[in-house]
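>>> Fold the following, please.
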Amino acid sequence: MPVIAPWPAARPSQAPSQHGNADEAMAAGTTVDHLTETYRAHYRSLLGLAALLLDDTASCEDVVQEAFIRVHSARGRVRDPEKTLAYLRQTVVNLSRSALRRRILGLKLLSKPMPDMASAEEGAYEQLERDQLIKAMRGLQRRQREVLVLRYFADMTEAQVAETLGISLGSVKAYGSRGIAALRVAMEAPA
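Model (predicted):
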C-alpha cells in the first residue's frame with residue numbers, strides 16, 4: 001500500500017504584530033481602527049459629496065454607509081493608510097453614479113398613464129355599475145334579456161333581432177321596452 005504524506009504544515013500568518021514597524025502595517029493595508037477614524041472624521045464631507053450627486057438625504061446616507069462597508073471589505077488593498085479618505089470618496093462617487101443609473105432606468109421603465117385613462121376610483125365605480133347591471137340583466141325574463149343583449153350589446157337593428165330570435169318586429173319592440181323599464185327599476189333599487 002502506498003504511504004500518503006500528511007498535509008504540509010500551515011504557514012504562520014503574515015499579519016503584522018501590534019508592535020511591528022510602520023512598513024509592516026503599510027504592507028498589510030489599512031487597519032479597521034484607522035478606517036473607522038477616517039470615516040467618522042469625514043462623514044459630513046462624504047455626505048456633502050453624495051448630496052451634490054444625489055437629490056435626497058436618505059439615498060446620500062445609504063451611499064456613504066455602503067462606501068464604508070465596501071472600503072472596509074477591501075481595506076487590505078489600501079496599501080497606504082493616507083489614501084483611505086481618497087478610497088472612501090471615490091467609492092461614494094461610484095455608488096452615487098450607480099444609484100442615478102438605476103433611477104434613470106426605473107423612470108424609463110415606468111409606464112405612463114394614458115391622458116384619457118380613468119382613475120382607479122372611477123374604474124372601481126364602473127366595475128360596481130357593471131356588476132349591478134349584470135345582476136339586473138340576470139333578473140330579467142329570458143326573452144327581454146335576449147332582445148336587449150342582441151339590440152344594445154351586439155348592436156343589431158330591431159329587424160335583425162326579430163330575424164335572429166324568430167319573433168315579430170312588434171314583439172322585439174315590446175320585449176325591449178319592458179326590459180329597459182325593468183332594468184331601470186333594478187338599477188335604482190338599493191343593492
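>>> Report the contact partners of L46.
Going by C-beta atoms under 8 Å, 6 or more residues apart in numbering, L46 touches Y39, V64, A67, L88, R89, V92. In short, each C-beta sits where N, CA and C put it, glycine included.
>>> Isn't the fourth one up against V71?
Yep, that's L88 we're talking about. Yes - between L88 and V71 there is a contact at 5.5 Å, judged by C-beta atoms under 8 Å.
>>> rewinding a little: return the member of the contacts of L46 nearest to L148.
Nearest to L148 out of the contacts of L46 is V64 (C-beta to C-beta; 66.9 Å).
>>> follow-up on the earlier one: among the contacts of L46, which are located in strands?
Judged by DSSP state E, the subset of these located in strands is empty.
>>> Closest one to L133 out of those residues, please.
Using C-beta to C-beta, the contacts of L46 come closest to L133 at V64, 57.7 Å.
>>> Any idea how many residues pack against that closest one?
Neighbour count of V64, defined by other C-beta atoms under 10 Å: 25.
>>> Equivalent analysis for the one 4 residues further on, please.
With neighbours defined by other C-beta under 10 Å, the count for F68 comes to 19.
>>> who's in contact with it?
With C-beta under 8 Å, 6+ apart, F68 has these contacts: L35, Y39, L88.
>>> tell me the pLDDT at it?
At F68, the model reports a pLDDT of 91.
>>> so which strand or helix has T84?
Under the criterion of DSSP states H and E, T84 resides in helix 84-109.
>>> any weak-confidence spans in this protein?
Applying pLDDT under 70 to the chain picks out residues 1-29, 111-115, 117-118, 190-191.
>>> ok so, going back, most surrounded residue in the contacts of F68?
L88 (25 neighbours).
>>> residues touching that residue, list them.
Contacts for L88 were tallied using C-beta under 8 Å, 6+ apart; they are T38, Y39, H42, L46, A67, F68, V71.
>>> re earlier: turn the contacts of L46 into TSV, columns for distance to E121.
As requested, those are exported to TSV (distance: C-beta to C-beta, whole Å):
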residue	distance to E121
Y39	49
V64	41
A67	44
L88	49
R89	49
V92	43
